[in-house]
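**Student:** Have a look; sequence and predicted model below, questions after that.
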Amino acid sequence: MKRLVLARLLQAGLVVLVVGILCFVLVRALPGDPAMRIAAGRYGPDANITQAAEQVRRELGLDQPLAIQLGTSLTQLVRLDLGHSVVTGLPITKELRIQLGATLWLSGSALVLSLLLGPPIGVLAGLKRGGWVDNASLGGAIILRSLPPFVLGLILILIFAMLLGLFPPAGYGTWRDMALPALTLALGLAAVSSRVARDAVAAVVRTPYFAFARLKGLPEPVVVRRHVLRNAAIPVVSYLALQAIYLIEGVVVVETLFGFPGIGHALVHAVIARDVPMVQGTALAMGLLFAIIAMAVDLACHWLDPRPKRA
Amino acid sequence: MNAPVRFQSLTVSGLQIRAGDTTIVRDVAFTLSQGRPVTLLGASGSGKSLVAHAIMGSLPSGLSARGVIKLDDTDLLASRPEQTRARWGRTIAILPQEPWLALDPTMRIEGQVGEVHRYLHGLGSAEANKSMRDDLTEVGLGDRTQAYPHELSGGMCQRAAIAVTHAAGASLLIADEPTKGLDAALRDGVVERLREEVDQGRLLLTITHDIDVAAALGGMIGVMLDGALVEFGPAAEVLANPRHDYARALIGANPARWPIPAVPPAGGPIVTATGLSKRFGGKTLFDGFDIAVGRGEIVAIVGPSGCGKTTIGNILLGLVKADRGEVHRTTGIAPTRFQKLYQDPPAAFAPHQTLRQSLGDLLKLHGLAWAQAHASMQRFGLGQELLDRRPSEVSGGELQRFAILRTLLLDPVFLFADEATSRLDPVSQQEVFKILVEAVRERGLGLLMVTHEAALSERVASRILKLPD
Amino acid sequence: MSIADATLVPTAKRAWLTPARALGLGLLGLLVLFALLGPLLVTVDPNDQDFAASLASPGADYWLGADHYGRSMLARLSHGARLSFGMALLTVATAAVPGILLGLLAAWSGGWLERILELVSTVLLALPGLLLVLILLAFAPGTFGPLYLGLALTLWIEFYRVTRVTAAGVLKQPHVEAARLLGFGTGYVLRSLVLPEIRPILITLAAFAMSTAIIAISTLSAISVGLRPPTPELGAMIVELLPYYAEAPLHVLMPGILIFLLVLGLQLATRSNLR
């Protein structure tokens, strides 16, 4: 248990390291004077940029060895001193706080929605392999997995916003604005989790302990409730760690497509505008979010499965 | 707890099991009654487990049973599915093979026994708890109710499974390979437990390939071959005087009945090791162990599982390094003349290659002719048609003979047989050892065998080394 | 209960060419033809503008219609398919070759080499792949270089890990030990024992990586950080046409349908057991 948490903390550390190093290189690789860019990112728009740039040059010792410069910049990251956006001039932490709320809402509702859709269908399919639920959900999953999230989102917009006029195609504020982006993400997630659940249930059904639970005389619903669901939940939950990647990547795409003011949207715009402090801040937030989800998944698996873990 | 309804007898007659149009089990008829358990003996693939599942009404989909199976006056095969299901646990219970796999790995055993009282007998949680405690205490697990299956030994899991059948109240007990995967000592414990079940008035049908288990249980013995019951009679009679050829071969194949071999005198040493020590997983397997294998002798290492027997053989072959100690091989012998036979024959062949491919590659590598391989195949009773099959399509006994053939092609001086017959039925085991003993006599190779079966080593080996636990 | 007599029950052998696989292979074949021959047969330049034909519906002049600048959709789609295939193939090859070789090497030699490679892959996996690609794209938005580098950098890990784990599993098998005792050398073990066992899973993985690359390239172009108009890239075409979705919804969907068919074909053709 301790080891699980430590491993994910290590991952979080690596996220900081990778993002920090890449952005450190980025800020020096872009055309123009890095000191000017750093100064703008650090002190915001109010500062006297030329003077600040001089100060940065002296302070960071841009003529000093790169390793020392990198050390300084990573220390700042660890202290969550993220600087200012070069574009808006606002402190990154302030921007992130608002965006993080929106992103958490979106990814949370997408996850919940996908769990309401995927695993129940998967369990039904797994209990009756080859039945119509199994075949239909297989077909649906193949189709959904062949659709990139932005194409899926586009189709949903065309159907629900244009054709039926049920939901707005873009915006933020009410649950109706949330519906289409969340559904886009949830369908992609459910396409996978339904099949994982189906295979997990099918695997449990083949085990000797499932056969024994039936042969000892338990009624079928009791067998399913007490012996199938918990055991089948283990792979489904542990797969969520992989799905977190899809979720994070999907958030970037879907937020951009639906004009949803979250971190993913901000990251894409920061990349286009080459707003390095913002790229760093948003990438860091999403990477850490990924590590936190993965840690939660690990802990849930630990609780579900009492068997000792293989190293 | 509900008092179980006692039944007097189970009668099977004219039982047939079909898969589509193919009859895979036919002409099975026997009767078992109180105090007279029946044991079905046979190799894997003989159809004995299918008979058990036909009685239980739990044949895999696609298989169907015909004939009559009567429990007192009820014809089980004539029942509707829901009637069959209602009998599970309450009337007929199956003791699963390898019970450590048949218990839910994520549930404490108290839950797995208690749920029978709750959901079969409809007891409240307090009463169910008390009954569960009684059941587990009766099998000696009263202090382990909180344990998960992985925290219990194989024998304990077996007893937990018995507690489940007690909780359900079944009076016909079907034990499906109850000793599979258990050591000799644990095996005796399970047999004793099953005898107690008979003494308590339960009907018992046991499926096994182990003749010792059948002998210890007494009652009636049936022998199955290729889906048919070829012999049936009182245990003592069948064991002493089998009528059918296969039954005679099967019973004669019990190592305890093998003829005592004339022990050939050992020649000069081939491989010698002194002062071997090995630790594994924080446990000392052996320390200061000496072993020598000479020409034309059979040395057996005997000991319980996990004691490091296999490791010694692997050290002699140079596959594993000892922590301390030295290994000496007689100089001037090619390394390929030191060979090994494996416990699980299919695992010792590349799964995607036909036997013709793998044998052909070997012949080509060493510049040997097919004629030599064909001659050995004929001698070992291996048909030409087997060559175009993959390892998974050949029986374990045949595959192990192929493995021997493969090593003999390289004219070995030393052969390490690592539990080489523990997964084979007695008849195949006897065939394999017949070939091995012949090879030792004719070629003067030194054979090191590792086994947990004392009887086998006593019959075959010229010297026995015992490893402590 | 595992039924020990299972060997008695006749089993039907599963055909390699299932209907799903046949459909997938057929679909892929058609798309490859479209990508290879399309640009040769449709001689219209995909960037030729004809404002008279702006948003023309599919018809005799423009088989699949024309976009808002009156460019031939057929020409643009076939160039787009070629671009998607080409970039995805290049990316996957760049990821697969080192990934597989390093995986084999790590499984074979173990030790410090394996530990270093494990560390590198752990570091790269700490961040979801798309984030890595996005940060790299900040160096030069709208170009293929960072896109290609970022994708290959993320994708090789999967090849490496799967190869290492499967190969290590095969190498641990008794039959490999037996082969070495019988005198077979390293070359034989890798070529004849390990490779046939890991090939099927690597083919599936390669198809999966192709899908990932196709989707990622079009997605990043669709959110304006990948390739940019007027390049006939499928994702970029969608963003370009997006403002006209009310007038010409079919035009907006066409590149999307093409991506869908590409990925669907890859999925159907290579998944040995569709799940």
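**Tutor:** Everything's here; your move.

**Student:** Any idea how many residues pack against residue 244?
**Tutor:** Here I'm looking at chain A. A total of 22 residues lie near A:Ala244 under the criterion other Cβ atoms under 10 Å in any protein chain shown. Just so you know, the C-beta spots here come from the backbone N, C-alpha and C atoms, and that holds for glycine as well.

**Student:** Switch to chain C, please.
**Tutor:** 15.

**Student:** same thing with the one 4 residues further on?
**Tutor:** By the other Cβ under 10 Å criterion, the neighbourhood of C:Ala248 contains 20 residues.

**Student:** got a list of what the closest residue to it other than its chain neighbours touches?
**Tutor:** Distances taken as Cβ to Cβ, 6 or more residues apart in numbering or on different chains put C:Leu55 closest to C:Ala248, at 4.8 Å, once the chain neighbours are dropped. Contact partners of C:Leu55, counting by Cβ atoms under 8 Å, 6 or more residues apart in numbering or on different chains, are C:65-68, C:70, C:244, C:247-248, C:251.

**Student:** what do you get if the cut-off is 7 Å, keeping everything else the same?
**Tutor:** C:66-68, C:244, C:247-248, C:251 (Cβ atoms under 7 Å, 6 or more residues apart in numbering or on different chains).

**Student:** what's the answer for C:Leu25, then?
**Tutor:** Shown in contact with C:Leu25 (Cβ under 7 Å, 6+ apart): C:Ala269.

**Student:** Rounded mean pLDDT for the helix or strand encompassing it, please.
**Tutor:** In the assignment (DSSP states H and E), C:Leu25 maps to helix C:19-41. If you average the pLDDT over helix C:19-41, you get 85.

**Student:** Repeat that for stretch A:295-306.
**Tutor:** Averaging pLDDT along stretch A:295-306 yields 86.

**Student:** And stretch A:176-187, by the same measure?
**Tutor:** The average pLDDT within stretch A:176-187 is 87.

**Student:** List of residues touching that stretch?
**Tutor:** Taking Cβ under 7 Å, 6+ apart as the rule, stretch A:176-187 contacts A:105-106, A:109-110, A:113-114, A:117, A:144, A:149, A:152-153, A:156-157, A:160-161, A:167-168, A:171, A:247, A:250, A:254-255, A:258, A:260.

**Student:** tell me which parts of the stretch 201-311 of chain A are close to chain C?
**Tutor:** By the rule Cβ under 7 Å from any Cβ of the partner chain, the part of the stretch 201-311 of chain A lying against chain C is A:208, A:211, A:245, A:248-249, A:252-253, A:256, A:267-268, A:271-272, A:274, A:279, A:283, A:286-287, A:290.

**Student:** List buried members of those residues by neighbour count.
**Tutor:** A:208, A:211, A:245, A:248-249, A:252-253, A:256, A:267-268, A:271, A:274, A:279, A:283, A:286-287, A:290 (16 or more other Cβ atoms under 10 Å in any protein chain shown).

**Student:** contacts with chain B among the residues you listed, please.
**Tutor:** Residues of these in contact with chain B (Cβ under 7 Å from any Cβ): A:Pro208.

**Student:** So which of the buried ones among the residues of the stretch 201-311 of chain A next to chain C belong to helices?
**Tutor:** The helices, defined by DSSP state H, take in A:208, A:211, A:245, A:248-249, A:252-253, A:256, A:267-268, A:271, A:279, A:283, A:286-287, A:290 from those.

**Student:** Find the residue at the geometric middle of chain C.
**Tutor:** Nearest residue to the geometric centre of chain C (Cα atoms, centre = their mean): C:Met210, 0.5 Å.

**Student:** How about chain A?
**Tutor:** Note: chain A centre (Cα atoms, centre = their mean) maps to A:Ile248, 2.3 Å.

**Student:** contacting residues for it?
**Tutor:** A:286, A:289-290, C:128.

**Student:** which bits of chain B sit near chain C?
**Tutor:** Near chain C, when you scan chain B using Cβ under 7 Å from any Cβ, you find B:19, B:22, B:24, B:44-45, B:47, B:49-50, B:53, B:60, B:63, B:94, B:96, B:176-177, B:227, B:317, B:319, B:336, B:339-340, B:342, B:344, B:347-350, B:352, B:361-362, B:365-366, B:406, B:410.
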